[in-house]
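Asks: 3D model of this:
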Amino acid sequence: LISNTGGKDIAEVTFQHWKDGKSREELSLTDLEVHLSNAAFNDLGGLHQADIIQKALIDASVAFLPLEKRHVKMCIRRELEDRIQRLEKEQETLPEEERVPVKSYTEEDVDRLAEERSYWPKDYKIFSTSGCKKINIIVDRFLEDDF
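Replies: Below is the predicted model:
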């Protein structure tokens with residue numbers, strides 16, 4: 001069963017963890033279990049007041065933590081590298097006179113692309129509002145020189 005139930009609670013716990021000076025990687029499922037269970041049972045939605053929650057029939061939970069800007073940059077780098085590698089392979093199949101240089105990127109480019117995303121909380125801008133979704137769109141714009 002995949003659900004975004006408890007997403008708000010996970011975000012709040014993760015933010016509090018960060019405010020306490022701890023890294024995201026230090027969070028454990030134990031830190032989140034009570035919040036997830038309560039949210040699954042009490043939040044309106046597919047698991048609201050469900051017997052499988054009430055009878056503790058769910059064996060495991062996987063919490064999808066919000067991504068920080070550094071994670072978004074990792075996604076951007078990966079997408080750029082994959083895309084550039086594909087473009088280079090495509091160029092190799094063309095006759096020499098039809099080949100065009102494939103655009104490269106710098107860390108400054110990655111920083112600028114990462115800034116295109118939205119982050120929260122508004123005052124801190126730590127966590128991505130949409131994770132790495134649609135990274136391909138900003139990479140497309142960058143590679144097409146529209147950035």
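
Asks: Next, count neighbours for residue 117.
Replies: 22 (other C-beta atoms under 10 Å). (Glycine included, C-beta is placed from N, CA and C.)

Asks: ugh, wrong one, residue 100
Replies: Counted with other C-beta under 10 Å, residue 100 comes out at 8.

Asks: do the same with the one 4 residues further on
Replies: Residue 104 has 8 neighbouring residues, counting by other C-beta under 10 Å.

Asks: With adjacent residues omitted, what lies nearest to it?
Replies: Spatially, and ignoring its direct neighbours in sequence, residue 104 is nearest to residue 84 (7.0 Å; C-beta to C-beta, 6 or more residues apart in numbering).

Asks: swap in residue 35?
Replies: Excluding its sequence neighbours, the residue lying closest to residue 35 (C-beta to C-beta, 6+ apart) is residue 9, at 4.1 Å.

Asks: Contact partners for that neighbour?
Replies: For residue 9, the contact set (C-beta atoms under 8 Å, 6 or more residues apart in numbering) comprises 32, 35-36, 38-39.

Asks: Can you tell me which of those is closest to residue 106?
Replies: residue 32 (37.2 Å; C-beta to C-beta).

Asks: And the closest one, how close does it get to residue 19?
Replies: Plainly put, residue 32 is 16 Å away from residue 19 if you go by C-beta to C-beta, to the nearest Å.

Asks: what about those two, which has more around it?
Replies: residue 32 (20 against 11).

Asks: A strand includes that one, no?
Replies: No. According to DSSP: H, G, I helix; E, B strand; the rest coil, residue 32 belongs to no strand; its state is helix.
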